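Engineer: Okay, sequence plus prediction incoming.
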Amino acid sequence: MLKYITKRLLYMVFVFFTMSVLIFALYNAIPGDPAMMQVASQRDKLKPEQFEKVYQNMRQQLGLDDPAPVRYGKWIKSVVTLDFGDSLIYKKPVTEVITVPMKNTIFLNLLVTFFALGITIPLGIYCAVKKFSKFDTAVQVLTIVGYSLPVFIFALIIIYFFAVQLRWFPVSGMNTPNIKGSAMVLFLDRVKYMVLPTIVLTLASLGGMTRYVRAAMIDSLRMDYIRTARAKGLTERVVIYSHAWRNALLPIITLIISWFIGIFSGSIITESIFALNGMGKIYLKALNGLDYNLAMGVQMFYIVISLVGNLIIDLSYGIVDPRVRIAK
């Protein structure tokens, strides 16, 4: 086990630096001049020669005149020390910029993951056990429709019924302006604003996950050991949950952990519709504003999370199924 983990860690380091080179090259190939965007507002206030001097000073300050290898070396050195530089848009360190949006995104997606898994896993198992029944057929039709519809359609429908017609929840925002009170009051107010985005993201994720769980369970229920378990007189509940579900969990665990890793990312469309201060919104704003430090910092963080998540997935295989010997 230790030897395997060591090899994977070395592999992760290699992939990290390889991806850092690609990310740096791609972001620096984006058309636009970050220095010009920083000083453009001063163009009408200064004489041409003064503006040119300010512009050149800004390029030097941002290191844009240095050769690409030199700029990459400075950047990756700061990344390794967890210093992603300062955001050009927010005028403060990148780590400070993403702290609050990260908390908001994690809070929202933890709710989505909890409700989505709580619905899709039992529903997928039941549909597999009752396959080709009227209930299973209805669920399959609904999941296809739900899987095909874009997330903004769900958002518009949910907003219309629950915010416009019934007026149960606010349309957008993170909390009530100027609200004061205890920690519990603030928490409940935040939950009220998170209800509609949670419903939207949960509904958008039900289709694919339900069908995946159903397919994995159907394959597991066809195995010979299931017939043997039933022939031995085991109850159907034991057969399904102790034998079939454990075997079906191996392919499902990849999707579940990958889904859980996604709590650190943001949904650009959903966050834009509901005006949420999350990672998706921050990332989009960084790209539009040519804030390379912020954009690359967020992207490298996602790469680290993905690499760690893949390691957890591989280690989980050996825990779920003893037949998987990851140490070899």
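Structural biologist: That came through, no problem.
Engineer: Quick one: the strands in the protein, in order.
Structural biologist: Counting by DSSP state E, the chain has no strands to list.
Engineer: tell me the domain ranges of it?
Structural biologist: 1-94, 98-306 (the TED database).
Engineer: Same list (those domains) but as TSV, adding mean pLDDT and mean neighbour count.
Structural biologist: The way it works is simple: take the backbone N, C-alpha and C, and place the C-beta from them, glycine included. Listed next are the domains of the chain as TSV, based on pLDDT from 0 to 100; neighbours: other CB atoms under 10 Å:
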stretch	mean pLDDT	mean neighbour count
domain 1-94	82	14
domain 98-306	83	17
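Engineer: So Leu64 is in contact with Met37, correct?
Structural biologist: No - Leu64 lies out of contact with Met37 (CB atoms under 8 Å); the separation is 11.7 Å.
Engineer: Who are the packing partners of the longest helix belonging to the chain?
Structural biologist: In the chain, assigned by DSSP state H, the helix with the most residues is helix 183-221. Other elements packing on helix 183-221 under the criterion 3 or more CB pairs under 8 Å, 6 or more residues apart in numbering; DSSP states H and E are helix 94-129, helix 134-148, helix 151-158, helix 245-261, helix 268-273.
Engineer: Those helices: which one's closest to Asn288?
Structural biologist: helix 268-273 (11.4 Å; CB to CB).
Engineer: What helices and strands are in contact with that closest one?
Structural biologist: helix 151-158, helix 183-221, helix 279-288.
Engineer: returning to that earlier point: any chance of JSON lines for the domains of the chain, columns distance to Ile312?
Structural biologist: Shown next, in JSON lines, are the domains of the chain (distance: least, CB to CB, whole Å):
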{"stretch": "domain 1-94", "distance to Ile312": "11"}
{"stretch": "domain 98-306", "distance to Ile312": "6"}
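Engineer: Looking at those, spot the one closest to Leu315.
Structural biologist: domain 1-94 (7.8 Å).
Engineer: if we can go back for a sec, what's the closest of the helices and strands packed on helix 268-273 to Ser41?
Structural biologist: If you check each of the helices and strands packed on helix 268-273 against Ser41 by CB to CB, helix 279-288 wins as the nearest, at 16.4 Å.
Engineer: send the alpha carbons of that closest one over as CSV?
Structural biologist: Listed next in CSV are the C-alpha coordinates belonging to helix 279-288 (Å, rounded to 0.1, in the frame of the first residue of the first chain):
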residue,chain,number,x,y,z
MET,A,279,-16.3,30.1,-7.5
GLY,A,280,-18.0,29.9,-10.9
LYS,A,281,-18.8,33.6,-10.8
ILE,A,282,-15.3,34.5,-9.6
TYR,A,283,-13.7,32.4,-12.3
LEU,A,284,-15.8,33.9,-15.1
LYS,A,285,-15.1,37.5,-13.8
ALA,A,286,-11.3,36.7,-13.7
LEU,A,287,-11.4,35.5,-17.4
ASN,A,288,-13.4,38.5,-18.6
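Engineer: and the angle for it with helix 94-129?
Structural biologist: On the basis of axes from the mean of the first three to the mean of the last three CA atoms, to 10 degrees, helix 279-288 is oriented at 130 degrees to helix 94-129.
Engineer: How far does helix 279-288 sit from its chain's centre?
Structural biologist: Counting by CA atoms, centre = their mean, to the nearest Å, helix 279-288 is centred 14 Å from the centre of its parent chain.
Engineer: same for that helix, what does it pack against?
Structural biologist: Partner elements for helix 279-288 (3+ CB pairs under 8 Å, 6+ apart): helix 94-129, helix 268-273, helix 292-320.
Engineer: For Leu294, give me its contacts.
Structural biologist: 84, 87-90, 94, 97-98, 282, 286 (CB atoms under 8 Å, 6 or more residues apart in numbering).
Engineer: what do you get if the cut-off is 7 Å, keeping everything else the same?
Structural biologist: 87, 89, 94, 97, 286 (CB atoms under 7 Å, 6 or more residues apart in numbering).
Engineer: these two touch, right, the last one and Ala295?
Structural biologist: Yes - taking contacts as CB atoms under 7 Å, Ala286 lies within contact range of Ala295: 4.0 Å.
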